[in-house]
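[1] Below is the structure, and that's it, no one-letter string:
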Ligand SMILES: Cc1ncc(COP(=O)(O)O)c(C=O)c1O
């Protein structure tokens, strides 16, 4: 077992010694499930381990390929969570893994210089991106891409105000959180970055009003389809009208395609469905082929020069690992595979089929309020009847029930059908179905059938509340303090 704080050795001596209980990679590869959970509980995010335990996700997964993962006992699961959109190519795509071997001898980090591998990635991104988006800054995550985009907007326009959408999700670092439209995530960290203002998603008039009032806005940041907001599709024409309004009022349009990008919604980028070319495009997730963390923000030559042009400004925004060789090589291989396997078409065709089959379920089961989506970014929203949870848990669980209803459905799908799903972060009443785009029809059918059986087993939300997972949530809710969960 891992050492405790008291076991730490060699800190004050002359030579540094391996602390007792230190675990190597080889040790880690052979940890039991219990040892793994203990490590997380004692040294990591203990609450999260508790939460995933409640819904049965505290398993030990040891292998993954494409849409499938296997646990230590060899049980096979279908991954319909798809790394929150980071696994458009599926797990461990051979072409992406091979990219690592090809650059094994190359320096991975040599920031004082530039690399041919990174240079090719910058070029390919420019070729794939819509319109005249040409310059990219490479970073390591979605939130970082958003941070950079916001900074670019302020630098390039000289203005400070940023408009963002209620229900939108752009990450949880301070800047990205300041434009993430969920008060429950924002409030504990106030004051956030000043001059960020929320507008309702999908409402052109409200956007115009906000742009017209007060001091000029540097940017409006928006997702073409809100992923974590619960797979919310705005009215047709919204993005194109937002584009026009931003032009008119001199604000930059920042489109966040971190989740919708690289084929997910049936086009390479979701903004292409309305022929919109943003001023700034944020990318991450599937750019790394599901293997490496990488992000990027892209902009036009003119805006790049305005913000970062010239020797004086070229180091005003930097990242130690941004554009490292292995990440860039993986991204190059991922982009090649995404294009060659024509993931956008795969997503469009399979998405239409899957959505149709799920909509049949919605007609069959009143528990489903709505099924919606585009391509293979699909959400199932459930009716929220939390009254029964109050009874199960003695009245304390209403809030938690609302927060975890879709999780209960996800728990049932996992336990009885070995299908991995999850709720959307800003709307816990929605289950996301976001499988790798290489998913087969047979796998889509299996999930439809799993949902049908799950919904048939429980005639209403009461059934879920009384299920094992529901009761566990209820018991936990009794202990949770009110203030901790207050919205
Ligand atoms: C649209 C969108 N933007 C930004 C992010 C943040 O990305 P990351 O978790 O890599 O910081 C996410 C993550 O889910 C996202 O869906």
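    Received the coordinates, thanks. Owing to the predicted nature of the structure, the values given are computational and were not obtained by experimental measurement.

[2] so who does residue 176 touch?
    Residue 176 sits next to 142-143, 146-147, 150, 170 when contact means Cβ atoms under 8 Å, 6 or more residues apart in numbering. Backbone N, C-alpha and C define where each C-beta goes, glycine included.

[3] Does it belong to a helix, a strand or coil?
    Secondary structure assignment for residue 176 (DSSP: H, G, I helix; E, B strand; the rest coil): helix.

[4] Quick one, grab the pLDDT at it.
    As predicted, residue 176 sits at a pLDDT of 98.

[5] could you pull out the strands for the stretch 351-487 of the chain?
    368-374, 377-382, 419-420, 422-424, 427-433 (DSSP state E, counting those that start in this stretch).

[6] any chance of these in JSON lines, with distance to the ligand, mean neighbour count and mean pLDDT too?
    Output for the strands of the stretch 351-487 of the chain, formatted as JSON lines (distance: least, Cβ to the nearest ligand atom, whole Å; neighbours: other Cβ atoms under 10 Å; pLDDT from 0 to 100):
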{"stretch": "strand 368-374", "distance to the ligand": "14", "mean neighbour count": "19", "mean pLDDT": "95"}
{"stretch": "strand 377-382", "distance to the ligand": "10", "mean neighbour count": "24", "mean pLDDT": "95"}
{"stretch": "strand 419-420", "distance to the ligand": "16", "mean neighbour count": "22", "mean pLDDT": "96"}
{"stretch": "strand 422-424", "distance to the ligand": "9", "mean neighbour count": "23", "mean pLDDT": "86"}
{"stretch": "strand 427-433", "distance to the ligand": "10", "mean neighbour count": "25", "mean pLDDT": "90"}
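
[7] possible to save those strands as JSON lines with distance to residue 68?
    What follows is the strands of the stretch 351-487 of the chain, written out as JSON lines (distance: least, Cβ to Cβ, whole Å):
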{"stretch": "strand 368-374", "distance to residue 68": "22"}
{"stretch": "strand 377-382", "distance to residue 68": "19"}
{"stretch": "strand 419-420", "distance to residue 68": "10"}
{"stretch": "strand 422-424", "distance to residue 68": "17"}
{"stretch": "strand 427-433", "distance to residue 68": "16"}
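
[8] rewinding a little: tell me the two of the contacts of residue 176 that are most distant?
    Pairwise distances across those (Cβ to Cβ) peak at 12.9 Å, for the pair 142 and 150.

[9] quick one, which of those two is more surrounded?
    residue 142 (30 against 27; other Cβ atoms under 10 Å).

[10] Quick check: the more buried one touching residue 169?
    No - counting by Cβ atoms under 8 Å, residue 142 stays clear of residue 169, with 9.3 Å between them.

[11] Which residues of the stretch 51-200 of the chain lie near the ligand?
    84, 141-143, 146, 169-171 (Cβ under 6 Å from any ligand atom).

[12] The ligand: which of those residues is nearest?
    The nearest member of these to the ligand, counting by Cβ to the nearest ligand atom, is residue 142 at 2.2 Å.

[13] which residue is nearest the middle of this protein?
    residue 84 (4.2 Å; Cα atoms, centre = their mean).

[14] What strand or helix carries that one?
    helix 82-85 (DSSP states H and E).

[15] State the next helix or strand along the chain beyond that helix.
    Counting by DSSP H and E, what follows helix 82-85 is helix 94-102.

[16] isn't residue 143 right up against residue 174?
    No - under the criterion of Cβ under 8 Å, residue 143 makes no contact with residue 174, lying 9.3 Å away.

[17] neighbour count winner among these two?
    Ranked by neighbour count (other Cβ under 10 Å), residue 143 and residue 174 place residue 143 first, with 22 against 12.

[18] How about the more buried one: what's its closest non-neighbour residue?
    Leaving out its chain neighbours, the residue that sits closest to residue 143 by Cβ to Cβ, 6 or more residues apart in numbering is residue 171, at 2.7 Å.

[19] do residue 257 as well
    residue 269 (5.1 Å).

[20] Residue 281 versus the one you found, what's the distance?
    Distance, residue 269 to residue 281, using Cβ to Cβ, to the nearest Å: 7 Å.

[21] tell me, what's touching the two both at once?
    129-130, 255, 257.

[22] Fine by me, we can end here.
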